[in-house]
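Trainee: Fold the following and give me the result.
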Amino acid sequence: MNYRSDLTENILPFWMKDALDSVNGGIYTSLDRNGKVYGTDKSVWFQGRALWSFSKAYNLIEKKKEYLEAAKLIYGFLPRCTDTDGRMFFTVTAEGKQLQKRRYYFSETFAAIGCAEYYKASGDPEAAALAKKYFLVAYECFTGVRKNPPKICPENCKTKALSPVMIMLSTAQTMRSLADEDQAFYNRVADECLSEILHGGYLTETALLESVTVDGRFLDTPTGRIVNPGHSLEVAWFLMAEGILTQKKEALEAAKKIIDITLPLGLDPKNGGIISFCDVKGMPPVQLEWDMKLWWPQCEAMIALRLAHLIFGEERYQKGYEDLKQYCEEHFVDKECGEWYGYLHYDNTPSTTLKGNIFKGPFHVPRFYMIMAALDRDQSLENYLK
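Mentor: Take a look at the predicted model:
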């Protein structure tokens, strides 16, 4: 892979060709193998995520006007995705009318990072203000100031999940890069999230768990035993980024541990690649797609491994990165039609040829290519984190 040229000549153009909605604003993510739109319902997650991707490419890779124009088109669509209470929808129509609104607040976190990065690209002060607004809404949901209906009845099973903490950490890192009067607040949020990941019960000697009791104890149920290797390795590089930014040795050491305990659980020794789920005790996972290979865990694993080699200097991490890179080139990269397949069976045959849906759009793959291009150029993650 030539990361910079692949990003600018393949990955981003694939999403700019037909997915951008010049009539209503925003971006479609339901794209077939060739990049043609097969559905016009819009993922609100990907309005924020795509806004971040095009803005970040403009800021980090190349100041290309097409990237900024794409970002502006998506940025202008965000108000249509926002309800009167400040919360965002999960899916909307092509015009921006509500279809689904969920208790999850990831739409708001992704809008926050998108607006923050767009502000750095455009200099528009309203974008910075909107980023702070979306972040505050998400943080109020995260802390319970804004009440959301629980996923599981808390009277019978009091649990907490890893995913909101890891996303809030990453979001706070992006908001901190604005380097304004609220930086101390974002530092505090990042510290809260770091402490929760390291000491909240998720990190054990054998795995980084997706769900534990509210007081941080292991829950010996199918849900409590589940490990999501992609999430674990994504958390690992978030922690390495935090260690780089703050010089916190504890974050770096925890990241190394997470990689070392996750790879034996997630790597498929027969066919290669990272599987979707596993049970920490080796029992049957409840997720029917548990042994599938999805696009995004491969990206997160390669980022984690390459950063681990850069920081710790151990060749086994570089070898792991190179092995996964070759695996993805052989099985995920669509050399004929562009971009990546999203979903492979255990034997690496595509389960579908679609390139996008509500959950797959221009984020994990572009972010991976941007980080790799930055590492190729700078031999450091610091410029990416600015």
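
Trainee: Look up how far residue 348 lies from the residue nearest to residue 350 when sequence neighbours are not counted.
Mentor: For residue 350, ignoring the flanking residues on the chain, the nearest one in space by CB to CB, 6 or more residues apart in numbering is residue 341 at 4.9 Å. Backbone N, C-alpha and C define where each C-beta goes, glycine included. Distance of residue 341 to residue 348, given as CB to CB, to the nearest Å: 10 Å.

Trainee: okay, and the common contacts of the two?
Mentor: Contact criterion CB atoms under 8 Å, 6 or more residues apart in numbering; residues shared by residue 341 and residue 348: residue 331.

Trainee: The two: which is more packed in?
Mentor: Neighbour comparison, residue 341 and residue 348: the larger count goes to residue 341, with 24 against 16 (by other CB atoms under 10 Å).

Trainee: Let me see the contact set for the more buried one.
Mentor: Applying CB under 8 Å, 6+ apart to residue 341 gives the contacts 295, 331, 332, 334, 350, 352, 353, 355.

Trainee: Now the phi/psi pair for it, please.
Mentor: The phi/psi pair for residue 341 (degrees, to the nearest 10) reads phi -70, psi 150.

Trainee: Does residue 367 lie in a helix or a strand, and which?
Mentor: Assigned by DSSP states H and E, residue 367 belongs to helix 364-378.

Trainee: swap in residue 110?
Mentor: helix 106-122.

Trainee: What mean pLDDT does that helix get?
Mentor: Helix 106-122 shows a mean pLDDT of 98.

Trainee: elements contacting that helix?
Mentor: With contacts defined as 3 or more CB pairs under 8 Å, 6 or more residues apart in numbering; DSSP states H and E, helix 106-122 has these neighbours: helix 45-56, helix 65-75, helix 125-143, helix 163-176.

Trainee: Show me how far that helix is from its chain's centre.
Mentor: In terms of CA atoms, centre = their mean, to the nearest Å, the centre of helix 106-122 is found 13 Å from the chain centre.

Trainee: what's the angle from that helix to helix 45-56?
Mentor: 20 degrees (axes from the mean of the first three to the mean of the last three CA atoms, to 10 degrees).

Trainee: what are the ranges of the helices in the chain?
Mentor: 3-6, 12-17, 45-56, 65-75, 106-122, 125-143, 163-176, 183-199, 229-246, 249-266, 295-312, 315-331, 364-378, 382-385 (DSSP state H).

Trainee: would you turn those into JSON lines with distance to residue 149 and mean neighbour count?
Mentor: As requested, the helices of the chain are exported to JSON lines (distance: least, CB to CB, whole Å; neighbours: other CB atoms under 10 Å):
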{"stretch": "helix 3-6", "distance to residue 149": "42", "mean neighbour count": "16"}
{"stretch": "helix 12-17", "distance to residue 149": "34", "mean neighbour count": "20"}
{"stretch": "helix 45-56", "distance to residue 149": "20", "mean neighbour count": "28"}
{"stretch": "helix 65-75", "distance to residue 149": "29", "mean neighbour count": "20"}
{"stretch": "helix 106-122", "distance to residue 149": "16", "mean neighbour count": "26"}
{"stretch": "helix 125-143", "distance to residue 149": "12", "mean neighbour count": "20"}
{"stretch": "helix 163-176", "distance to residue 149": "15", "mean neighbour count": "22"}
{"stretch": "helix 183-199", "distance to residue 149": "22", "mean neighbour count": "17"}
{"stretch": "helix 229-246", "distance to residue 149": "23", "mean neighbour count": "24"}
{"stretch": "helix 249-266", "distance to residue 149": "31", "mean neighbour count": "19"}
{"stretch": "helix 295-312", "distance to residue 149": "27", "mean neighbour count": "23"}
{"stretch": "helix 315-331", "distance to residue 149": "38", "mean neighbour count": "16"}
{"stretch": "helix 364-378", "distance to residue 149": "28", "mean neighbour count": "21"}
{"stretch": "helix 382-385", "distance to residue 149": "35", "mean neighbour count": "15"}
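
Trainee: Is it possible to get TSV of those helices that adds distance to residue 223?
Mentor: Formatted as TSV, these follow (distance: least, CB to CB, whole Å):
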stretch	distance to residue 223
helix 3-6	37
helix 12-17	34
helix 45-56	23
helix 65-75	35
helix 106-122	19
helix 125-143	21
helix 163-176	13
helix 183-199	19
helix 229-246	14
helix 249-266	17
helix 295-312	19
helix 315-331	28
helix 364-378	24
helix 382-385	34
